[in-house]
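S.K.: No sequence on hand, only this structure:
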């Protein structure tokens, strides 16, 4: 039995906007999450390749090449091969915390294309019991099974957009920064007349009496999205990205799906989380660990590919300067002025391939590395923002 859900309605949910944090509050939040590192006890210290305790190791990013679509797909939830003929499937999603050691119970994959000013996204999410009851534009986002797209379109590794979709055809967004626990902004994408989303269910929705096969989703997502004075999804040659699926273990109570309880604690089991680009047991909210969507793969020369590889190394070295500076600030109430000054928190400066310059002014810092391209420098500041200057 099939059930199709076509979504072309507009959601009028309340947009939530949080006031911009002051600098001192931002520093507190950075310390609260310890800049992507976790504050484990001394006996539990695990050091990354730069010698920093409880900080992430480098994750080799998955790369998906986004091609221009020859045919604009009909957004009906049915992924038609003729419409998506030159668009490849991604790799299957893997466990967020165990790369291949714990295989996901159900497979998931996606494909992505672009045509002019619109991004086209499709995914197949396999599941024996397709369950979705909440409008995720109206309720707490983690109440349902859903799929998420994490997009850092300017590659600063600081602020990013999360797009969420479920089997009801909801399509919602969040604007977040890696230094805040809560989103700065939430918005329903389907308020935009150019955004479309449709779901096709191979089976039945919210019916525990049978076994289902999968649900498929297709979305048209406009670029240069204008929300509350912000511009999201700006075109670029490459975006830092990841894709994550959340799946709650369920049982059947009185003929309806309910989240499964752990008999030992009486609390709900945690949701299972499966991602496209492996995170090496780190949080999805660390943009520096995501994969990449490449919008210029066909036109890249060997020299440009090599420059991208060196850029990744430079940004990762700067990221570890940032990790170390936050530890130094916590320990000494100030930032270090030289790379050698960070060795006291564990940083192994001998592991760096590039010369790092650090400029400290009052309660701010900038660290920079000269890139391999002509007149190019990469910088990171106390907020964790990375950018390139010429």
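M.R.: Nice, I can see it. Keep in mind the model is a prediction, meaning the values are calculated, not measured.
S.K.: quick check: mean pLDDT across stretch 155-171?
M.R.: Stretch 155-171 shows a mean pLDDT of 96 in the predicted model.
S.K.: Check stretch 62-73 too.
M.R.: 93.
S.K.: again with stretch 362-377
M.R.: On average, stretch 362-377 scores 91.
S.K.: Any idea how far apart the tips of it sit?
M.R.: 23 Å (Cα to Cα, to the nearest Å).
S.K.: Kindly report the same for stretch 358-373.
M.R.: 20 Å.
S.K.: Just give me the longest helix of the protein.
M.R.: For the chain, the helix with the greatest residue count under DSSP state H is helix 302-332.
S.K.: Could you list every helix and strand that that one packs against?
M.R.: helix 23-33, strand 364-370, strand 377-381, strand 386-389 (3 or more Cβ pairs under 8 Å, 6 or more residues apart in numbering; DSSP states H and E). (Glycine included, C-beta is placed from N, CA and C.)
S.K.: Listing partners with orientation, what would you give for the last one?
M.R.: The one in question is strand 386-389. Using DSSP bridges, strand 386-389 pairs in its sheet with strand 377-381 (antiparallel).
S.K.: buried sites along the strand it pairs with?
M.R.: 378, 379, 380, 381 (16 or more other Cβ atoms under 10 Å).
S.K.: of the residues you listed, closest to residue 390?
M.R.: residue 378 (10.8 Å; Cβ to Cβ).
S.K.: tally of neighbours for residue 364?
M.R.: By the criterion of other Cβ atoms under 10 Å, residue 364 has 12 neighbours.
S.K.: Give me the below-cutoff pLDDT ranges for the stretch 151-300 of the chain.
M.R.: 299 (pLDDT under 70).
S.K.: where do the strands sit along it?
M.R.: Counting by DSSP state E, counting those that start in this stretch, the stretch 151-300 of the chain has strands at residues 159-165, 171-177, 185-188, 196-202, 214-222, 225-227, 230-232, 238-247, 250-253, 256-259, 272-275, 291-294.
S.K.: And for the stretch 1-150 of the chain?
M.R.: 2-7, 63-65, 67-68, 94-95, 108-115, 118-126, 146-152.
S.K.: Give me the residues contacting the last one.
M.R.: Pointing back at strand 146-152 there. 108, 121, 123, 125, 132, 136, 159-166, 170, 217, 233, 239-246, 284, 287, 290 (Cβ atoms under 8 Å, 6 or more residues apart in numbering).
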